[in-house]
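Return atomic coordinates for the entry below.
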Amino acid sequence: MLHKLFRRAAGMVSSVRTALLAGAAILLASAVVAVPASAADATVIDAVGQPLGIAYGPDGALYVSDYNWVGGVSVHQPGEAQAPRHITVGHFTTSLAVTADGTVYVLQHTESQQTELGVVAPGASGVSATIPLTQGNHWLAAAPDGSLYVASPSEGTVSVVPPGGTRVERVLDAGPFPVEVAVAGDGTAYAANQHAGTVAVIPAGAAGPSHTVDVGRTSSPHGIAVAPDGTVYVANVLSGDVAVIEPSGTTVSQRIRVGRGPQEVAAGPDGTVYVTNSVDNTVSVIPPGADAVAQTLPTGRNPGRLAIGADGSVAVVNRGSKTVTVFDGGPDGSAAASAAGREDPPAATATNSAHPSEGAVVARGSLDVALPAVAAGAGALVLAGAAFLVAVLRRRRSSRITYRPPH
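A predicted model of the protein is given here:
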């Protein structure tokens, strides 16, 4: 009698366990298959030499500078993985800008290490003219009207070359060590003074700043960008955030936490802001007017400069891996795909942390990414429930049907 009861209870436990495990398997399978991940078209291009500067041309071509003694500029046409054209320029090109007519400007060095601005005519294969600059490292930015602004950190100045100009027309006072400059649609220039932890606000036509905005001396401000609505974004390398300055603002209105080591920032034509996190090897994506990062996407090692095309494509220079990651049409919350022969980016991971672990992919607010995680969590709960019920039934069997030998 005891033997029959034991077999009946064991069969019931086995049936319940099998049914629950089968249901969990079905739910987990639906989590993986029923909801596909979204797909941002992204490619990884092998750069020539040591990539540093990057810019889009009006025709969608991508220009990447090689920071070497015998460097140059590679021109990548849309949809092509290899550079079909090479532009011969000076030594150690640090920065690039391309104007609306296709003229390319490169910051380069001469044989004697003098810094100059090289001018490359549209479609040309070499420099046709040069514009002398002061000594030291410089960073280049193109204004909406075609003017060129050259930040000179060692001099504490910003040089201005008018559209189509052949020489520096004005030299503006900026402040202690202006590493980068950005220009708004109304001609106001904003210089990030790294040593002082300030942003110098230089009105159009002025010889110097009307005021400065304190972003934090210990924050180490570096990259700076102006959105179409006039909002200024400053990447702070040491504090791991982006300072936001409203149009005509005199103080920082808010700080947005991003990844570790945010170095460069750019604003797209729709106001979306992109930040390269040099330590995390990621790009943070901030929607227009948002106060938090919406997406974090993987790049190559040590991402630096980035450029945004007219169609919204985002290109990122990966200095450590010597590649360029291109998000066609802009990131949409998915992981980037690597070209053959290179290390694949890390798999997507959901997180609510403002500082994701190195190599993580965060897609807060992306339903395509969140649903599989939710369904998988539900499947895990079912499995846990199955284990719990099996344990309960076993305990009940043990308490009700126990053979005790005589003492």
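
What helix or strand is the nearest residue to A207 once chain neighbours are set aside located in?
Excluding its sequence neighbours, the residue lying closest to A207 (C-beta to C-beta, 6 or more residues apart in numbering) is L172, at 6.0 Å. C-beta here means a position set from N, CA and C on the backbone, and glycine is covered the same way. Assigned by DSSP states H and E, L172 belongs to strand 170-173.

now that strand, how far from the centre of its chain.
31 Å (C-alpha atoms, centre = their mean, to the nearest Å).

Tell me the neighbouring strands of it, and mark each as parallel or antiparallel.
Strand 170-173 sits in its sheet next to strand 157-161 (antiparallel), going by DSSP bridges.

outside of the partner strand, which residues touch it?
117, 131, 133-134, 147-152, 167-174, 178, 181, 189, 191, 202 (C-beta atoms under 8 Å, 6 or more residues apart in numbering).

Of the residues you listed, which belong to strands?
With strands taken from DSSP state E, the overlap with those comprises 117, 131, 148-152, 170-173, 178, 181, 189, 191, 202.

which of those residues has the most neighbours?
Within the ones in strands among the contacts of strand 157-161, A191 tops the neighbour count with 33 neighbours, counted by other C-beta atoms under 10 Å.

For that residue, list each beta-bridge partner.
V181, A200.

Low-confidence bits of the stretch 301-407 of the chain, can you list those?
Along the stretch 301-407 of the chain, segments meeting pLDDT under 70 span 330-407.

same thing but 90
In the predicted model, the stretch 301-407 of the chain carries pLDDT under 90 at residues 328-407.

again, but for the chain
In the chain (pLDDT under 90), the answer is 1-43, 78-84, 113, 134-138, 328-407.

which residue is nearest the middle of it?
The centroid of the chain falls nearest to V283 when counting by C-alpha atoms, centre = their mean (2.0 Å).

element containing that one?
Element membership for V283 (DSSP H and E) is strand 282-286.

Tell me which residues are up against that strand.
Residues contacting strand 282-286 (C-beta under 8 Å, 6+ apart): 233, 242, 256, 258-259, 262, 272-277, 292-299, 303, 306, 314, 316, 331, 356, 359-361.

Go again with 6 Å.
Here strand 282-286 makes contact (C-beta atoms under 6 Å, 6 or more residues apart in numbering) with 258-259, 273-276, 293-299, 331.

swap in stretch 68-78?
Contact with stretch 68-78 is made by 48-50, 60-66, 83-89, 91, 93, as judged by C-beta under 6 Å, 6+ apart.

Check stretch 234-246 too.
Taking C-beta under 6 Å, 6+ apart as the rule, stretch 234-246 contacts 192, 213, 215, 219-224, 232-233, 252-258, 260-263, 265, 275.

residues touching P144, list them.
G185.

in which helix or strand would I find it?
Counting by DSSP H and E, P144 is part of no helix or strand.

Show me the longest strand that occurs in the protein.
strand 91-98.

For that strand, buried residues please.
By 16 or more other C-beta atoms under 10 Å, the buried positions in strand 91-98 come out as F92, T93, T94, S95, L96, A97, V98.

Would you reformat those as a markdown table and include distance to V160?
What follows is the buried residues of strand 91-98, written out as a markdown table (distance: C-beta to C-beta, whole Å):
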| residue | distance to V160 |
| --- | --- |
| F92 | 23 |
| T93 | 20 |
| T94 | 18 |
| S95 | 15 |
| L96 | 18 |
| A97 | 13 |
| V98 | 18 |
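
and which of those is nearest Q113?
Using C-beta to C-beta, F92 comes nearest to Q113 of the buried residues of strand 91-98, at 8.5 Å.

what's around the closest residue to the closest one other than its chain neighbours, how many residues?
Nearest non-adjacent residue to F92, counting by C-beta to C-beta, 6+ apart: H109, 4.8 Å away. Counted with other C-beta under 10 Å, residues neighbouring H109 total 20.

all strands of the stretch 151-300 of the chain, in order?
Here the stretch 151-300 of the chain has its strands, by DSSP state E, counting those that start in this stretch, at 157-161, 170-173, 178-183, 189-193, 198-202, 211-214, 221-226, 232-236, 241-245, 254-257, 262-267, 273-277, 282-286, 295-298.

Centre of the chain to the next helix or strand after the last one, how far?
Yep, that's strand 295-298 we're talking about. Next helix or strand after strand 295-298 toward the C-terminus (DSSP H and E): strand 303-308. Put simply, strand 303-308 sits 7 Å off its chain's centre (C-alpha atoms, centre = their mean).
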